[in-house]
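Q: quick one: sequence plus predicted model below, questions after.
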Amino acid sequence: MQLEIKDLTKTYSNGVRALKGVSLTIPQGMFGLLGPNGAGKSSLMRTIATLQEADGGSARLTGLPEGDLDILTQKDAVRRLLGYLPQEFGVYPRVTAEAMLDHIATLKGIANSKERKEIVQGLLQKVNLYEVRKKNLGTYSGGMKQRFGIAQALIGSPRLIIVDEPTAGLDPAERNRFHNLLSEIGENTIVILSTHIVEDVTNLCSDMAIICLGEVVATGNPNDLVTQLNGKVWQKSVEKSEIDTYRQTHQIISTQLKGGKTRLHAYSEVPLDGFTPVTPDLEDVYFTKITEKMGVMSV
Amino acid sequence: MFSEIFRFELAYRLKRPATYLYALILFLFTFLFVIYGSGPASEKTNVNSPYAISQFVVVMTIFGMLVASAVMGVPVYRDIEHNTKNYFFSFPITERGYILGRYFGSFVVLLGIMAVGMLGIVIGSLLGPVFNLADNTERFGPIRFRDYAYPFLLFVLPNMFLVGSIFFALVAFSQQVFTTYAGSILLFIAYLLGTTLSQDLENKHLVNLLDPFGSFAYDNATKYWSPVEQNTLVPPLEGDLLTNRLIWLGVALLVFLLTVFRFSFARFLAVKLGKKAKGEASTEKAPSLASLPTPTPVFQVSTYIGQMVKQARIEFSNIIRDPYFIAILLGAVLFLFLDGWFGVQTYGTPSLPTTYTMLEARNGTFFFFVLIVIIFYTGEVVHRDKVVHYDTIADALPVPDWMNYGAKLLAMTYICLLLCTLIIVSGVLDQTVKGYFNYEFPLYFRDAYGIAFTQYFQLVMLAFFVHTMVNQKFVGHIATLATYIVIWAVPQFAEFSYKLALPFSGGGVQLSDMNGFGHYLSSLASFRVYWYAFGGILLVLALWFWNRGADTGFKSRWQLARQRMGKLSIALVALLVLAFVSMGAWIYTNVSVKNRYYSADEQREQQADYEKKYHKYANVLQPKITSVKLAVDVFPDEFKAVATGQFSIVNKGDQPIDSLHLTISPDNFHRKLTKFTIDGQAPKLILNDTDFGYYIYKLPKPMNPGDTARMEMDVTGQYTGFPNSGDQREVVSNGTFFNVGIFPGFGYNVDGELSSDKYRKKYGLPVKEWTVPAQNDPRGLRDFLFTDDADWVTFEGTISTTPDQTAIMPGELLKTWTANGPNGKPRKYFQYKLPSFSDYFFSMCSAKYAVKRDSWTGPDGKKVALEIYHHPGHDRNLDRFMASMKASLSYYTKNYAPYPYPVLRVLEFPRYAAFAQSFPTTVPYSEEFGWVGDFRDADKTDYAYYVTAHEVAHQWWGHQIMPSRTRGANQISETMAEYSALMVLKERYGVDAMPKFLKYSLDRYLGGRAFEDKFEANMLDNDTRSYVWYQKGSMLMYALQDYIGEARVNQAMNDYMKAARFRQEAPFTTSLEWYSFLKAATPDSLKPWLADNFEKLTLYDNRITKAEAKPIGKDQYRIKLNVRSATEYYDKSGKEISKGKGPVLVDIAVLTSDSKNKDGLTIKVPLYMKKHSLTPGEHVIEVTVKGKPVKAGIDPYNKLIDRVADDNLVNVDMP
């Protein structure tokens, strides 16, 4: 099974062009989608999650036992396979987590109440909400709500899981727990993890894409992408006032404050005077691709 | 500091579109009312009279409360809502500066908004004459600054200060904007409570003071103003109005100061500590994801339906746990309960809490709450997922669109069912508390769930559609509200009433114990099916455009809609369109083909055309009927009556008659003349105007003066289908009541003319001052007042009906039998005959009656059978009717003349009309009028007794003495019936029962003249004003018998009876003849009083300012009374023209504590009561009494027509 996206375009009614011909092939396993704020990640996610119409292009699930599915037209069939954690979501404030999950399980077609109960209890434990399952959702903190969102996305063993910024608002322990949970998801599932935290992708994903300004700027295996940068990233610590000078003479991909000085990362095929080589990581890949597209990023 | 914040607030407000929206709404409200001339007064009052302006302004402040809650509630809430309070208060500002700045900034804007509302009146008055939408340009008076400034200072400023301060304080202290909603509902409830309480005159002062808006105090201060006064005066700041304003201004000031001095930042910032869930790490080992069961999901329609029901339950419980909803619901139940509790009141006497009364309570204020619930909670439900952002999860779930959509619709269905259940619960509660246990549950269920529910759900469909299409909660609320207003309010202004084109209209039902749901159900069902088909189309459209997913742009909604327009839903729409169109055709057939529909304007135009075309025949000589023999067949199940009549007619004029003019008004009873012969020959039809129902037949040979002829007429009348509106009450399944008017009348019908001068001018007709000619007009004198078709006639007839009913006509029942009718089914026949003359006025009734019989023997030994035909079960008050019939017969026989018939009966007809009417021997009496009265409280007027006495009195006044068709003549009938009834009531309940009754008469007379559309006429001339012949008449006659003695009045009327009873020849009697007997009986000393009251328009202004008592020995007191007396003369337009100079005889009284008489009635106990002759002006009167004086006064029983009845008694001051 894989998800094939071809030339997907979307322009909002306010004129914003969110997707400008996105083409991606997403295989089974964990797929990371990286991109800065406003890159079009969420638009793409929403389109795949059947919540948004596209202006053009196609998105298909192929290799399913029941045959291929066109995401843009066969929404009902797609929804039956789908687990979706939106970037922003809310809940009915006057309903308990347990009741709400049970209800969502019902809506996902799990008709047997005993099985439903078992699934709901299990997921509540997995996301560490079991103790507070009888509390109204309105009383939940941001992190608890996020965990609730994760639980609901996993109901019904979905084969296409889309998680949009899942670790936002989670403390490090919960984030770990979530990563573990994701890694438990079965092999024959497509998991699309949209994030702007590079580390999440590094830790979890076997495949990834970087999108920026509505276009795919890189795609592939994270390690391969990093390997391509080997020997091409250089660093130097400079005074803050010097940054602009370096910008004019070098292809600076990122600047970062470290111990009162600013550490520059530059991209160059050849060694740079005064710079030391660094072993590139995925973050360098990300910034390289983004800066190629939209100029310098400061972190 | 203050000025900075003030300026910021002002600037902020002026940038908000809402500010302008509120102003625009108020502006349109007043502007439309004024330009359409829909003001709260009579035709003689200017649309923009100071009286009307103040009315507008008071009502505007009540609605302005909602604006105030929005404007004054948010200035401090804003800092909570946007979380600016956390840093805003760290700025160097003082609490007082902050509060005062925010307060006055908003308050100035609020006053500005209200001023724009008042500007609507000014602009409306300026444009009114230009656009002439008020049908009369003369009704716009001058624009005077005072007329606007005064109500602004008297109402706008204090009312806005009050509600503004309350809302401001509520938010400042509670930090919850919800409290302003609760607060405005509470204030509104206080006002509405006043409306409910004010139905009883006794509560007047209480209501005047309790109403925070001053509306009732203003009404009571101005309600007796004549049109001229309404056009010139502003309410004087005195009495209850002043007290009310001071009280509420004080309350407002208190709240304001409290807010200013008690507000503190610290408290405002305090974090509310609620229960927060804490997610502690679980010690339990979580199962692995793979170990969880992986059931195969089920996706079938049955699953979806199950999901829908479950989702609906969640939606429903979300609504009913909402505190706002609970608050609204509590308000709704309160009014349901109160409206049921007070129910229908007649003369201040309550009616039994019958199930239909309980059910009708839902049409009161409750409906307003229903609208609120439907508009706002449909919005809540439709937008809930989006508002709480749950949509991003829900919309991606594998369920069809209709699941979630249907669940939300289902949740609103539950809400409607809940509302309907409240109707039943509240009704049963009311009944139980009142000790009435005849719960008619089938009726409850049928009405609440069959009629109310289907009505409410129609509104849900509309609201659901609008909210879905608009797809934004707040805009949705406003759009839904606007839709409702466009659908219902605008047609009201435009007098548009064609229900086929008024969305979700139709379906009015009047319940009746006698006739159940009656004939309304077919109309109701047709309109419901029609509008449900329409609503169904809206619902499918809404489903197509139901927003699922993140993109709310029109393009993608359209894309989505296109995907959803599947075969099934298109087929459904086609089916619904088919149902809508065919039902529409069916309704059109009923309303406009089988029946006629005229808009209000067309109706008036029709009347005007009738007059223009046929008024020329108004004085054409026609013969008079002298004998009547009828055969009437009533077919209750077919809503049909067939009547055949044999009449003798005589030419009583001095000219030959060559043609007969017949009028059959073309109404929805579809009367048809199927046979018409004169002396066996069919006369030739020479004018056949079916539009106006005017027909002229040429007689085979002219009737010369004195000639008689035999006339035969066969008439059928039948209701077919259902009309646009109207009750089709004459022939119904159970409770048929029509009269001899089923036969065509002779000649032009003056009553069919347009009477309103406003519209007469519009249609180019001359102003109509009088409807009947002067007292010396020979043409008026030759006719009876109530019909010109006959003088005295002899009557016999047969009436038949279905075997389970009893049919009744006037006269003695000679015989009954059963035979097969024209349709082959068995029918019951009843033959009646009147033994002596009567006027030509016969009722025809048929219903399933129970009968109570008794008899009364006259002083001459003649026995009169007494019968009460009533609905089985309506037997509570039969003894009162019976006792009143006996007492009336005795009193009238003794004082006036013998009763000429062997039988007297009262019978009941359904409550579609609320009156009683006296036919010879027979008095049909509305179901609403006494049969279900609750007379257990002795202090409440026994109007069953009273009205019966009144109707029985007509057997003398109106059936034995028949007034001529001249001005003032109806006083002989109605005023004398009132007087007679008062005397019978006095005899039964004592003189002390009278003041309460007279107070109602006084109130209605003064109110009647205030709303006079033409001019006020005196007792001798009045031809159309019921407030003169009933209320003024009863006041004057009561005073007259009090002043000159009951025996003397009765002797005079006995003499008059002797002179005029059964007068066979024209000229018939006039008000002048009647008055001459009263005058003759009045001593010279009282003749000026008599002339003032009967010949002129006179009001008295008696008042007591002070009463001081000092004890002068054993249980003896000397009391000094400071009284004032005045007599004021008015012209017919209501303008005071002069003051009386002569002395007036008036009661001076000292009363001790009230006591109870043997009937349990509260009575006044006079220690001193004597008539004093007082000249106009101040008087000090000293009297000595035995016993403890409590109250003292002048004319304490309001025998004289006193403009201000309440200042006639004061408490006695004791040293």
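A: Here it is on my side, so go on. What you see is a predicted model, and the numbers here were worked out from it, not measured in a lab.
Q: which one is residue B:802 nearest to, not counting chain neighbours?
A: residue B:636 (5.9 Å; Cβ to Cβ, 6 or more residues apart in numbering or on different chains). For glycine as for every other residue, the C-beta is placed from the backbone atoms N, C-alpha and C.
Q: surely the one you found and residue B:730 touch.
A: No - under the criterion of Cβ atoms under 8 Å, residue B:636 makes no contact with residue B:730, lying 11.0 Å away.
Q: for residue 126, which non-adjacent residue is spatially closest?
A: Went with chain A since none was named. That would be residue B:286: by Cβ to Cβ, 6+ apart, it lies 4.9 Å from residue A:126.
Q: that answer is for a different chain, and I need it for chain B
A: Spatial nearest neighbour of residue B:126, chain neighbours left out: residue B:143 (7.2 Å); criterion: Cβ to Cβ, 6+ apart.
Q: which stretch of helix or strand covers residue 3?
A: No chain in the question, so chain A it is. strand A:2-11 (DSSP states H and E).
Q: try again with chain B
A: Using DSSP H and E, residue B:3 maps to helix B:2-15.
Q: okay, now the domains of chain B?
A: B:2-269, B:300-494+B:527-572, B:595-755+B:793-804+B:827-844, B:849-937, B:956-1091, B:1097-1215 (automatic domain parsing).
Q: how about stretch B:622-633: buried residues?
A: For stretch B:622-633, burial by neighbour count (16 or more other Cβ atoms under 10 Å in any protein chain shown) applies to B:622, B:623, B:624, B:625, B:626, B:627, B:628, B:629, B:630, B:631, B:632, B:633.
Q: now, which of those residues sits nearest chain A?
A: residue B:633 (65.6 Å; Cβ to the nearest Cβ).
Q: which SSE is the closest one in?
A: Judged by DSSP H and E, residue B:633 forms part of strand B:624-635.
Q: the helices in the stretch 101-250 of chain A, which residues?
A: Ranges of helices within the stretch 101-250 of chain A are A:113-126, A:142-154, A:172-184, A:198-204, A:222-228, A:243-249, based on DSSP state H, counting those that start in this stretch.
Q: avg pLDDT for the helix or strand that the strand holding residue A:3 is followed by?
A: The C-terminal neighbour of strand A:2-11 among helices and strands, as given by DSSP H and E, is strand A:17-26. Per-residue pLDDT over strand A:17-26 has a mean of 92.
Q: just stretch B:479-492 next, same as before
A: Looking at stretch B:479-492 alone, the average pLDDT works out to 82.
Q: neighbouring contacts of it?
A: For stretch B:479-492, contacts defined as Cβ atoms under 8 Å, 6 or more residues apart in numbering or on different chains pick out B:371, B:375, B:378-379, B:459, B:462-463, B:466-467, B:470, B:496-497, B:502-504.
Q: now do it: distance to the chain's middle.
A: Stretch B:479-492 sits 22 Å away from the centroid of its parent chain (Cα atoms, centre = their mean, to the nearest Å).
Q: if I pick residue B:172, what's in contact with it?
A: Counting by Cβ under 8 Å, 6+ apart, the residues that residue B:172 touches are B:76, B:99, B:259, B:263, B:268.
Q: how about a cut-off of 10 Å?
A: By Cβ atoms under 10 Å, 6 or more residues apart in numbering or on different chains, the residues touching residue B:172 are B:73, B:75-77, B:99, B:102-103, B:258-260, B:262-264, B:267-268.
Q: now do the SS call for it.
A: helix (DSSP: H, G, I helix; E, B strand; the rest coil).
Q: right, and residue A:111 touches residue B:300 too?
A: Yes - the criterion here is Cβ atoms under 10 Å, and residue A:111 meets it with residue B:300 at 9.1 Å.
Q: the two: who's more crowded?
A: Neighbours were counted for residue A:111 and for residue B:300 using other Cβ atoms under 10 Å in any protein chain shown; residue A:111 has more, 19 against 10.
Q: how about that one: what's its closest non-neighbour residue?
A: Closest to residue A:111 by Cβ to Cβ, 6+ apart is residue B:298, at 4.5 Å.
Q: on the three-state scheme, that neighbour is what?
A: Going by three-state DSSP, the secondary structure assigned to residue B:298 is coil.
Q: tally of neighbours for it?
A: Residue B:298: 14 neighbours (other Cβ under 10 Å).
Q: any chance of the buried residues of stretch B:622-633 in TSV, with distance to chain A and pLDDT too?
A: Shown next, in TSV, are those (distance: Cβ to the nearest Cβ, whole Å; pLDDT from 0 to 100):
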residue	distance to chain A	pLDDT
B:622	77	95
B:623	81	96
B:624	80	96
B:625	77	96
B:626	82	96
B:627	80	96
B:628	75	97
B:629	77	97
B:630	71	97
B:631	72	97
B:632	67	97
B:633	66	96
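Q: having no further points to raise, I will conclude here.
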